[in-house]
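In: Here is my input, please return the structure:
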Amino acid sequence: MVDEAKRRVIDEAKRRRTIAIISHPDAGKSTLTESLLLNAHAVSEAGAVHGKSTRRSTVSDWMEMEKARGISISSAAIQFIVEDVVVTVVDTPGHADFSEDTYRVLSAVDTAVMLIDASKGMEAQTLRLFEVCRNRGIPIIVMINKWDRPGRDPLDLLDELQRVTSRQPMPLNWPVGEAGRFLGLRDVTSGELLTFEHVDGNAHLPQIQLHPATDAAGMLGDDWQTAVEEAQLVELDGGEFRAQAFADLTGMPVFFGAAVRNVGVEQLLRFVCRAAPSATPRVTVNGTPRPVDAPFSAQIFKVQANMDPAHRDRVAFMRICSGIFTRGMSVVHAQTGRPFATKYALQMFGRERDTVDTAWPGDIVGLVNATHLRPGDTLYSEDRVEFEGIPSFTPELFALASPVDVSTAKKFRKGITALTEEGVVQLLDSEKRGPQNPVLGAVGAMQFEVLSGRMASEFGVEIRLTDLPYTVARLVDADTAAALASRRDSEIVMRKAQRLALFRTEWQLRSLEKDIPGLALDADRVVVGR
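Out: Residues are numbered from 1 along each chain as shown. Predicted coordinates for the structure are as follows:
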């Protein structure tokens, strides 16, 4: 019976594909998510991220601020089935200020789809996220998006991709006609031409026609010949698709398309189902991978407050790492050793939610009102296990927060606690200032804007943010903190169990190091800790 149960876990894990979509802001992440859902027949009509306020918003953007601005601020996990393959897409935040949330998401996936704008190529945020994937050993599939608009030459884009990432691009389709004059896609494997006819705009799937290569040559003439020659040139240069190169992270499959017009997305989706890694073993703090058929374990990668405003809930999203999850089972919280009941377990589809009774490795499950859970925490049953922590950024912007109306102080503290535990901003304790005026840290200015908006809309508290003059933070030990405590040009704060010294500028920091030799200042921007 035990062997049969383990076989079932292994089989279910093999069905799972858990992917994140990463890119520079405005490359089309939410649009691609919606197009994947449409191609999987999980929605009947695609929303529009950009456009008039009367148009539908995407399923994955559920916050009011997301809908108004056409960007993703929080990550959203959406699961659907394609030909017996269970695909979970985690749509990452679409602004650089929310990099921390994106990093958390990447701890929960097995594959990343890197979206590149056909006119802009590899941008700064895309490269930064690529490096995270490289460090975490996450295979990458590339989609060069917006081929329906004017853009760069495809060979030029692939050259840049290889130069910047040091990985071999392996295109599986090729555009016919230059960017902005899109005529169709050549399937590199079959040699056929795919053409797309949009009968009622972009909200529904286009009609796709397949044409043999001989017919395509007669239909498109020189444009077809150019596409054939360019694709063959890439193949001769080592760009023929090889599954082993994808698996060992030396090569990246590449697709061309236009997500807003649902072009090239079906091919991408079929590849994910056919060739992307299934649920893979996760590495524990001991450095050993935990087999998927081991007893139940999971890692929290995201906490979200007030997804249901009517109930003021708090949902902790966990990635099932091993074993079988059954709703109501009793598990152990590794960080505290306390038992944890899983009575309220949900799977999300944007803001919609369904109770989940059983989940398998690779699935994302939301635990409601999980008060004590934080990103990076581990849950387990039977044998104790703890997974590697999730990176946390050292903040670069700092502000004091206070309620505009002092009578809302209790709600203010409750809201600040909930949103800082979620990771909207970082809470920094200062003995000098006290708990009534907490110091908040952020990587980008929009995090403070989101905090203010959500405090008002979700907790009914208008807040005042007063900028602090610091721009640099360093981890310090107790001796260094004591040496700096009396200075007026720096400040010591606590981030959980870590001491941070705040400075006005890099120049001031360098000057201080000359004045006080022997200071222990950790320059690492990314640290790990609960």
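
In: what about the helix or strand containing residue 228, average pLDDT?
Out: In the assignment (DSSP states H and E), residue 228 maps to helix 222-234. The predicted model assigns helix 222-234 a mean pLDDT of 97.

In: Which secondary structure elements does that helix sit against?
Out: Helices and strands touching helix 222-234, by 3 or more Cβ pairs under 8 Å, 6 or more residues apart in numbering; DSSP states H and E, are helix 154-165, strand 168-171, strand 173-176, strand 184-187, helix 213-220. Every C-beta, even on glycine, is put in place using the N, C-alpha and C of the backbone.

In: nearest to residue 399, of those?
Out: With Cβ to Cβ, the closest approach to residue 399 among these belongs to helix 154-165: 35.1 Å.

In: wait, which of the helices and strands packed on helix 222-234 is closest to residue 467?
Out: helix 154-165 (35.4 Å).

In: just checking, what packs against that closest one?
Out: helix 124-136, strand 140-145, strand 168-171, helix 222-234, strand 251-256.

In: would you put the C-alpha positions of the fourth one in PDB?
Out: By that I understand helix 222-234. Output of helix 222-234 as PDB, limited to C-alpha atoms (Å, rounded to 0.1, in the frame of the first residue of the first chain):
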ATOM      1  CA  ASP A 222      10.800  36.200 -50.600                       C
ATOM      2  CA  ASP A 223       9.400  36.700 -47.100                       C
ATOM      3  CA  TRP A 224       9.100  32.900 -46.700                       C
ATOM      4  CA  GLN A 225      12.500  32.300 -48.200                       C
ATOM      5  CA  THR A 226      14.100  34.800 -45.800                       C
ATOM      6  CA  ALA A 227      12.500  33.100 -42.800                       C
ATOM      7  CA  VAL A 228      13.700  29.700 -43.900                       C
ATOM      8  CA  GLU A 229      17.200  30.900 -44.500                       C
ATOM      9  CA  GLU A 230      17.400  32.800 -41.200                       C
ATOM     10  CA  ALA A 231      16.100  29.800 -39.200                       C
ATOM     11  CA  GLN A 232      18.600  27.500 -40.900                       C
ATOM     12  CA  LEU A 233      21.400  29.900 -40.200                       C
ATOM     13  CA  VAL A 234      20.600  29.700 -36.500                       C
END
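
In: which regions of the chain sit below the pLDDT cut-off?
Out: Within the chain, the stretches with pLDDT under 70 are 1-2, 44-76, 93-100, 306-312, 348-351, 391, 518-530.

In: re earlier: state the next helix or strand along the chain beyond the helix holding residue 228.
Out: helix 243-247.

In: quick one: that next one to chain centroid distance?
Out: Taking Cα atoms, centre = their mean, to the nearest Å, the mean C-alpha location of helix 243-247 is offset from the chain mean by 23 Å.

In: isn't there a strand covering residue 427?
Out: Yes: applying DSSP: H, G, I helix; E, B strand; the rest coil, one finds residue 427 inside a strand.

In: Go ahead and confirm it touches residue 419.
Out: No: using Cβ atoms under 8 Å, residue 427 is not in contact with residue 419; the gap is 9.0 Å.

In: These two: who's more crowded?
Out: Set side by side, residue 427 and residue 419 show more neighbours around residue 419, with 23 against 20, by other Cβ atoms under 10 Å.

In: wait, isn't residue 408 in contact with residue 460?
Out: Yes: taking Cβ under 8 Å as the definition, residue 408 is a contact partner of residue 460 at 7.2 Å.

In: Please identify which of those two sits among more neighbours.
Out: residue 408 (18 against 12).

In: List the residues that contact that one.
Out: 460, 461, 462 (Cβ atoms under 8 Å, 6 or more residues apart in numbering).

In: how close does it get to residue 456?
Out: Distance from residue 408 to residue 456, counting by Cβ to Cβ, to the nearest Å: 11 Å.

In: and for those two, which residues touch both?
Out: residue 462.

In: ok, residue 287 to residue 278 distance?
Out: Relative to residue 278, and taking Cβ to Cβ, residue 287 is found at 22 Å.

In: neighbour-wise, which of the two wins?
Out: Set residue 287 next to residue 278 and count neighbours by other Cβ under 10 Å: residue 278 wins out with 19 against 7.

In: The more buried one in helix, strand or coil?
Out: Relying on three-state DSSP, one would call residue 278 coil.

In: these two touch, right, it and residue 360?
Out: No: the pair residue 278 / residue 360 is not scored as a contact, 10.5 Å apart, by Cβ under 8 Å.

In: who touches both of the two?
Out: 13, 15, 16.

In: Among those residues, which are located in strands?
Out: residue 16 (DSSP state E).

In: Generate a ChimeraX selection restricted to the buried subset of the shared contacts of residue 278 and residue 360.
Out: Buried residues within the shared contacts of residue 278 and residue 360, by 16 or more other Cβ atoms under 10 Å, are selected in ChimeraX with:
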select :13,15,16
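
In: Can you lay out the helices and strands packed on helix 222-234 as a markdown table showing mean neighbour count and distance to residue 206?
Out: Below are the helices and strands packed on helix 222-234 laid out as a markdown table (neighbours: other Cβ atoms under 10 Å; distance: least, Cβ to Cβ, whole Å):
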| stretch | mean neighbour count | distance to residue 206 |
| --- | --- | --- |
| helix 154-165 | 17 | 21 |
| strand 168-171 | 23 | 21 |
| strand 173-176 | 25 | 15 |
| strand 184-187 | 24 | 11 |
| helix 213-220 | 15 | 17 |
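
In: Residue 442 is nearest to which of those?
Out: Once those are compared by Cβ to Cβ, helix 154-165 is nearest, at 28.2 Å.

In: Export the closest one to PDB, keeping only CA atoms.
Out: What follows is helix 154-165 as a C-alpha-only set of coordinates in PDB (Å, rounded to 0.1, in the frame of the first residue of the first chain):
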ATOM      1  CA  PRO A 154      15.200  38.400 -35.200                       C
ATOM      2  CA  LEU A 155      18.800  37.400 -35.700                       C
ATOM      3  CA  ASP A 156      20.000  40.600 -33.900                       C
ATOM      4  CA  LEU A 157      17.700  39.700 -30.900                       C
ATOM      5  CA  LEU A 158      19.000  36.200 -30.700                       C
ATOM      6  CA  ASP A 159      22.600  37.400 -30.900                       C
ATOM      7  CA  GLU A 160      22.000  39.700 -28.000                       C
ATOM      8  CA  LEU A 161      20.300  37.000 -26.100                       C
ATOM      9  CA  GLN A 162      23.200  34.600 -26.500                       C
ATOM     10  CA  ARG A 163      25.800  37.400 -25.700                       C
ATOM     11  CA  VAL A 164      24.100  38.600 -22.500                       C
ATOM     12  CA  THR A 165      23.000  35.200 -21.100                       C
END
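
In: which residues touch it?
Out: 116, 118, 121-122, 127, 130, 134, 142, 144, 167-169, 171, 174-175, 179, 230, 233-234, 239, 252, 254, 256.

In: could you redo the last one with a cut-off of 7 Å?
Out: Helix 154-165 is contacted by residues 118, 121-122, 127, 130, 142, 144, 168-169, 175, 230, 234, 254, 256 when judged by Cβ atoms under 7 Å, 6 or more residues apart in numbering.

In: ok, now stretch 457-476?
Out: 306, 309, 394-396, 398-405, 408, 411-412, 414-415, 439, 448, 452, 455-456, 491, 498-506, 509, 520-523, 527.

In: now do the same end-to-end measure for that stretch.
Out: With Cα to Cα, to the nearest Å as the measure, stretch 457-476 spans 37 Å from end to end.

In: Name the residues of it that are buried.
Out: Neighbour count says stretch 457-476 has 458-459, 461, 463, 465, 468, 470-476 buried, by 16+ other Cβ under 10 Å.

In: nearest to residue 328, of those?
Out: residue 458 (28.8 Å).

In: Validate this expectation: the closest one resides in a helix.
Out: Yes: per three-state DSSP, residue 458 lies within a helix segment.

In: secondary structure class for residue 272?
Out: Going by three-state DSSP: residue 272 is helix.

In: how many neighbours does it have?
Out: By other Cβ under 10 Å, neighbour count at residue 272 equals 21.

In: So what pairs up with the nearest residue to it once chain neighbours are set aside in the strands?
Out: Nearest-residue entry for residue 272: residue 17, 5.5 Å, with adjacent residues in sequence omitted and distances by Cβ to Cβ, 6 or more residues apart in numbering. Applying DSSP bridges to residue 17 gives these bridge partners: residue 87.
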